[in-house]
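K.L.:
here are the coordinates; sequence isn't available:
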């Protein structure tokens, strides 16, 4: 059931889709999306006319995505189950993206391994783009927050309301978030599904060094999906990095 709830909730978030499509317009086709999940970004790119490859480690997410892919897009959508730190494809890309705040959920070892794979799969001069929560903003958040209803949507299967809450606990190193989906059933019972994710609070200099060590040079940095300048108060840290000639690792 979780992919259904995850998809219904996240498909309500549209603010970044134009940004990812604009990168595809600039850098070309095909596009590789890492951590594609249920396809919110991937299907938007396919609908815009691009050939897309989506990699995710979660079989259930990919199976749900297959059911959501319209038949007229099937030839443009290529799905691969795999680990982004270990994948090996017989193709290189002009653009690889890692949206949806995923980079900062990875351990340092996984990030380093993934960046090596990303460089390997980029064409010469190709671009890697990622988005994550602004680490400066995460660092300033309170140490904890109790569950609070922040969204609601009709359940895709029965139309009954699903209330979405989140809570968190923060240490110096990470923000541990619990997402709570309460499916309010017609006879008064509540069917609860929870999802946990930890956002690592990574100093920008560390991120910059990881990219540099992988032979990826930051060419643009934004604070939101309207391409506004990054500041300490920005909601996001969005980075565009280009493949250089000689990685330093």
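P.N.:
Perfect, I can see it now. All figures in this text were calculated on a predicted structure; none of them were measured in a lab.
K.L.:
what's near enough to touch the residue of the chain positioned farthest from its centre?
P.N.:
Computed with C-alpha atoms, centre = their mean, the maximum C-alpha offset from the centroid of the chain is found at residue 187, amounting to 36.1 Å. With C-beta atoms under 8 Å, 6 or more residues apart in numbering as the criterion, no residue contacts residue 187. (Glycine included, C-beta is placed from N, CA and C.)
K.L.:
So what does it have for phi and psi?
P.N.:
phi -90, psi 10 (degrees, to the nearest 10).
K.L.:
could you give the mean pLDDT of stretch 42-53?
P.N.:
The average pLDDT for stretch 42-53 rounds to 98.
K.L.:
change the start of the numbering to 20 and stick with it
P.N.:
Will do, 20 is the new start, and the previous item becomes stretch 61-72.
K.L.:
in that stretch, what's buried?
P.N.:
61-65, 67, 69, 71-72 (16 or more other C-beta atoms under 10 Å).
K.L.:
Now do the strands in the chain.
P.N.:
Here the chain has its strands, by DSSP state E, at 50-53, 71-75, 96-100, 112-117, 141-152, 163-173, 180-189, 193-203, 209-219, 235-241, 255-262.
K.L.:
which intervals of the protein have sub-threshold pLDDT?
P.N.:
Within the chain, the segments meeting pLDDT under 70 span 264-268.
K.L.:
mind listing what the residue positioned nearest the centre of it touches?
P.N.:
Nearest to the mean C-alpha position of the chain, by C-alpha atoms, centre = their mean, lies residue 119 at 2.5 Å. Residue 119 makes contacts with 29, 54, 56, 59-60, 150, as judged by C-beta under 8 Å, 6+ apart.
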